[in-house]
Structures are given as structure tokens and as C-alpha cells.
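**Student:** Quick check, what structure comes out for this input:
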Amino acid sequence: MEERDQRRIERKAARITAQFGYTSQDNPFNDPNLAETFTWKKKNDADAITKGSGLGKTLAKKKDQNEIINEIEKVRKRRSDYEEEKEEMERIRAEESKMKELENYDEWQQKEEEFHLLQQRQRSAIRLVEGREKPIDVLAKNLLMFGLSEGEKKDRAKVNYKEKYNVMEELENLEAELEEPHVFLKDLKLQELQELLSDIQVFRVLEKDVGGNQDGIDSTVLKYWNALHLVTRAEIQDLKSVGSSGDNRNGANSSLELKREIEKMFEGQSRPALAKMKAEVEAKIKKCILGGGRPVYDEKDGSLIDMPYWQSVLDALLVHLAKMELSDIHSKMLVCQLEHLEKRKEELARPKAVPTEDEEEAAASKAEDEAIAAVVPDNVAADFGNLEEELGLADELEIGETSYIWQEKYRPRKPRYFNRVKTGYDWNKYNQTHYDHDNPPPKTVQGYKFNIFYPDLIDRTKTPQYFLEPTKSKEYCILRFHAGPPYEDIAFKIINREWNRSRQRGFKCTFERGALVVSMDLDRGSTVQIPIDSS
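**Tutor:** Alright, predicted model coming up:
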């Protein structure tokens, strides 16, 4: 009997495990007797007394168990349906969010490309204004001056540098490059050309990405960079071929003769004639390609088509067309320069409104009275000690306003600068005791580096100087830089500690190509001493 009950319990446990995944050892109720039938003994005894016991009671008990199992199944199904519905809602919400992001992606990408192009133009413009230009800046100079519209100058090429410094306004004071771009490339070395090619590619890609989403995809600026990229790459290939064939003089001479012969074919040809020649050469090359790359008989010319030769002709023709494109764009830029100069000349020659004699006398007397009232005490007459009439100082003649060519370039102004503060940890005995690597002490100033730019000095024989001056606080001092006209003095407040003038510790004081560089480290000692003036 006991064995039969045990088998019944095991079968029930297996059925519960199959239906719900619960076992006597692993269930959410922590019930080790899960497979056993719960018996409410007191209730059964009461029922036996009132209703009796028998087969009906057993059937009712089994029916109740089946109902409970069905109810549990319904609950589990409702939970599963809810989870599936929740996952579907999350999927739909994610797709909607993705669609919104895709709608705004084009606009975001456009803004990002415009920002990168703006930064690239700003870097070139700043280097040009400060007189430290690179080859890419020289080639982009005319475009930045005359190749941009007014809207592009304001929106894309304006930068607040230091105190509201507009690069484009300063760039207009420079002179345009008169040398054609492809002629300028002849003076560059191989390494310089390779660096220039990568810089051109950056401009080319940015201009294409920004202009590619607008009308007029093939703009003048994009044509300029495409042509310049092709010519620069051809110059690099020529230098490499000359270097590789330096030992073989016969091969070098033959290649040079072939190049000259091909270039003679293009001399005196107009652009339509060159375009027609290009179509004919491409047709010949296409015949050779269809023929498997072997020489093909040309019925029109009555000769075999030499594919390597005509490929060289096509490459040289493309470079020649690119140079013509650069020359045309360069000529347009020079015309813009002339128009700019004429416009500026007219503005300078235009007479200004001259006030009448009465207005002029009234304004002069009013200004004189205000000046006297501000200076003379109350108990002193206004005309006391006035010797202007006696000395003839009031008889100065007005010669009118005069404009000078150099007045824009040499107007008094502060120099531009780029400074840095060197900071670090001071591991003295106190900090070593109270701090460690994970909890470092506060950073302290350990040095300075000043870069002051003087590209337009009138007297270039005098080197800029710096002076150290005291302040009210002994903890700080004033470092003043003086260079002479047209630059005003500029000063900075620094920590008043002794300088380490050892070159091994990074001390530097140089003036090269219009840039004064002063770099120093501060001693860690407590001695306070202002260094002597230096130049």
C-alpha cells in the first residue's frame, strides 16, 4: 500500500513538473511536500459527520483540482500574452524613433560637414593673417578673399578670434596671389607636394559634401580643388618618375621627349578642340580594352592603336585641361581684386560732408568752453594764462582728411597671442604625507608659455622685449611685452617666482618670423625675485 502511494506521489510530482516546471526542491512556495496531496483532516472529519464519505467526494475533489490547474494555465497564458504585447509595443516605439532620427540625419550630417569646412577655412585664414601660411593656405588665399559670397563670408568663414576678431575683414587687407596655382607647384619638393595633396583632398571632400546637397553641385570652388588635386598628383608622379629613372639616363631622356611631344599636341588648341581630342582618345582606348588590351587596327587612321601611348596622351590631356581651368579661375580672382581696389579707391576719393562755417565755429567754441570748464578752478578766470593767441597756436590751417595706403595695416592695435599655463602636482613633504596617487593634491602653476605675434612691425631691426613689473601683491607680478609701432604694449599677470633659465628645463626666448616665444618654468623654492628685463 505504501509503495502504491509512493508511486502515485512520484507520478503527481512528474505531472506538476511537466506542467509548471516546479519540483519539491525548487518551487516558489518553498514547499518540500508539493507533490503530496494536502489533506484537511479536520474538515474531512466534519464532512464525514455531516455528509458522509465515498466516491462522490473523491470525484468532486478531482474536479476542483482540474479547475485549479485550468485557472493557473489561463493566468500563465494572460501573462505570456501581456509580455508579447509589451515587446511588440517596444519594437514599434523603437522603429518610430529610428524613423525620426533618419528624417533628421541628412540635416545633422549637412550641419556637421559645414562645421568642418568652416574650421578648415578658419585655420587657413588665421595662418594667412598671422604670416605663417602653408602651401595650402597660399593656394586657398584667393578663394577665401574673392571666391566666397557675402553670405558664406558671414556664415561659414567668420570667427571670433580673441576679442571679436573677424578673420575675413583682416584677410581683405592682404594682397591677392598673382602667381598661377600650377606655376606655384613647380617650386615645391616631393614631400611638400605629398602633404599638400592630403590638404587639398580635405578641402575637396568638404566642399563636395557641403555643396553636394545644394543647387549647382559643380561650383567654381569645387572645380578649383578638383583641378588642383589632379595637377598636384601629376607633379608628384613626374618627380617620382624622374627620381626612379635617375640612373637610367636613356630612359629618362626618352620619357621627357615623349612628354614634350605630347604637350606640343595641345599648344594653341582651344577648349572645344581639346574636348573633341579627348573624346577621340577615349574612343581609341575603349577599342583596345574591348580587344583584350592588345594593339587594335584603327580603320580611320589606318594604323595600330598603341594603348600605353594613348593612355599617356589622355593623362596629359586631362592635366592640361585642369591647368586651363585653374588659369581661368585665377584670372577671375584677379579681376575681383581689381574691382575691389577700384571700389576702395572710389571710397577714399569720395568727398565727405563739410560742415558750414557757423556750425564749425559753434562746435569749436562749445568744445573749448567745455574743456576750459573742466580744467580751470572756480576762483580762476577762464582766460587766465591763455597764450594760444599770442603764440599763434590757434592759427592752424585745416588741410582736410588725407588717406594713406598704409593706414589700415599700421593702425595702432594690440598684438594677437596664444598663451598656455603649465600646471602639475607639487609633491613636497606635506603633500607626500597627506596625499597619494589616487587622491592627488591640488594642481599648482609650474610655468608659462607666451606666443606673441608681430607680423607687421615697422622697425624690424628692433627685437621685441619683455619687462617684469611689481604689483600691489607680492604674490604676483606683471609681465609686459613691448615691440614698437604699430603694436601697443600687452601685459599679463603671472605668479612672482624665480624663473628657471636652464635650457634643459625648457626655457626659451626667441623671435622668429614675426613670432615672439617666451617659455619658462618656475622654481619650486620660496625665493621671490623679479628677473631683469630681457629682449
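**Student:** Tell me how many other residues surround Q432.
**Tutor:** The number of residues packed around Q432, counting by other C-beta atoms under 10 Å, is 10. To be clear about C-beta, it is placed using only N, CA and C from the backbone, and glycine gets the same treatment.
**Student:** Now do it against R78, distance only.
**Tutor:** 67 Å (C-beta to C-beta, to the nearest Å).
**Student:** nearest residue to P415 other than its sequence neighbours?
**Tutor:** Ranked by C-beta to C-beta, 6 or more residues apart in numbering and with sequence neighbours excluded, the top spatial neighbour of P415 is Y487, at 4.8 Å.
**Student:** Quick check on that neighbour: phi, psi?
**Tutor:** Recorded main-chain torsions at Y487 are phi -100, psi 140, according to degrees, to the nearest 10.
**Student:** how many neighbours does it have?
**Tutor:** The number of residues packed near Y487 is 23, by other C-beta under 10 Å.
**Student:** Same check on L178?
**Tutor:** L178 sits with 10 neighbouring residues when counted by other C-beta under 10 Å.
**Student:** can I assume it is in contact with M333?
**Tutor:** No. L178 is not in contact with M333 according to C-beta atoms under 8 Å; the separation is 10.0 Å.
**Student:** mind checking which helix or strand K493 is in?
**Tutor:** When secondary structure is defined using DSSP states H and E, the element that contains K493 is strand 490-495.
**Student:** Mind listing what's buried along that strand?
**Tutor:** Of the residues in strand 490-495, those buried under the neighbour-count criterion (16 or more other C-beta atoms under 10 Å) are 490, 494.
**Student:** Walk me through which strands the helix or strand just after that strand pairs with, and which way each runs.
**Tutor:** On the C-terminal side of strand 490-495, the nearest following helix or strand under DSSP H and E is strand 499-500. Paired strands of strand 499-500, with direction, are strand 515-522 (antiparallel) (DSSP bridges).
**Student:** how big is the angle separating the strand it pairs with from strand 490-495?
**Tutor:** Regarding strand 515-522 and strand 490-495, their directions subtend 10 degrees when assessed with axes from the mean of the first three to the mean of the last three C-alpha atoms, to 10 degrees.
**Student:** if we can go back for a sec, the strand holding K493 - contacts with which helices or strands?
**Tutor:** strand 444-453, strand 476-482 (3 or more C-beta pairs under 8 Å, 6 or more residues apart in numbering; DSSP states H and E).
**Student:** Dump the C-alpha coordinates for it into PDB.
**Tutor:** Listed in PDB are the C-alpha atoms of strand 490-495, where the atom choice follows Å, rounded to 0.1, in the frame of the first residue of the first chain:
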ATOM      1  CA  ILE A 490      50.400  94.000 -23.800                       C
ATOM      2  CA  ALA A 491      50.700  92.700 -20.300                       C
ATOM      3  CA  PHE A 492      49.800  89.600 -18.300                       C
ATOM      4  CA  LYS A 493      49.600  88.900 -14.600                       C
ATOM      5  CA  ILE A 494      51.800  85.900 -13.500                       C
ATOM      6  CA  ILE A 495      53.000  84.400 -10.300                       C
END
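**Student:** contact partners of it?
**Tutor:** With C-beta atoms under 8 Å, 6 or more residues apart in numbering as the test, strand 490-495 has contacts from 414-415, 417, 419, 445, 448, 450, 452, 469, 471, 475-481, 522.
**Student:** what number of residues lie near P415?
**Tutor:** In terms of burial, P415 registers 23 neighbours under the definition other C-beta under 10 Å.
**Student:** Now do the contacts for it.
**Tutor:** Shown in contact with P415 (C-beta under 8 Å, 6+ apart): 452-454, 481, 483, 487-488, 490.
**Student:** Let's verify L174: helix, strand, or coil?
**Tutor:** Local secondary structure at L174 is given as coil here, using DSSP: H, G, I helix; E, B strand; the rest coil.
**Student:** Is it correct that it is in contact with R127?
**Tutor:** No. In this structure, L174 sits apart from R127 without contact. The criterion is C-beta under 8 Å, and the distance is 11.8 Å.
**Student:** three-state assignment of K345?
**Tutor:** helix.
**Student:** measure it to M333 for me?
**Tutor:** 19 Å.
**Student:** So for these two, which residue has more residues nearby?
**Tutor:** Shown here are K345 and M333; by other C-beta under 10 Å, M333 has more neighbours (20 against 11).
**Student:** So that one lies in a helix, does it not?
**Tutor:** Yes. Counting by three-state DSSP, M333 falls inside a helix.
**Student:** and it, what is it in contact with?
**Tutor:** Taking C-beta under 8 Å, 6+ apart as the contact definition, M333 lies against 142-143, 145-147, 176.
**Student:** what's the burial count for the nearest residue to I262 once chain neighbours are set aside?
**Tutor:** The spatial neighbour of I262 that comes closest, neighbours along the chain excluded (C-beta to C-beta, 6+ apart), is A316 at 4.7 Å. Taking other C-beta under 10 Å as the criterion, the count of residues near A316 is 19.
**Student:** Retrieve the pLDDT associated with A316.
**Tutor:** Per-residue confidence for A316 comes out at a pLDDT of 87.
**Student:** mind checking which helix or strand it is in?
**Tutor:** Here A316 sits within helix 307-349, counting by DSSP H and E.
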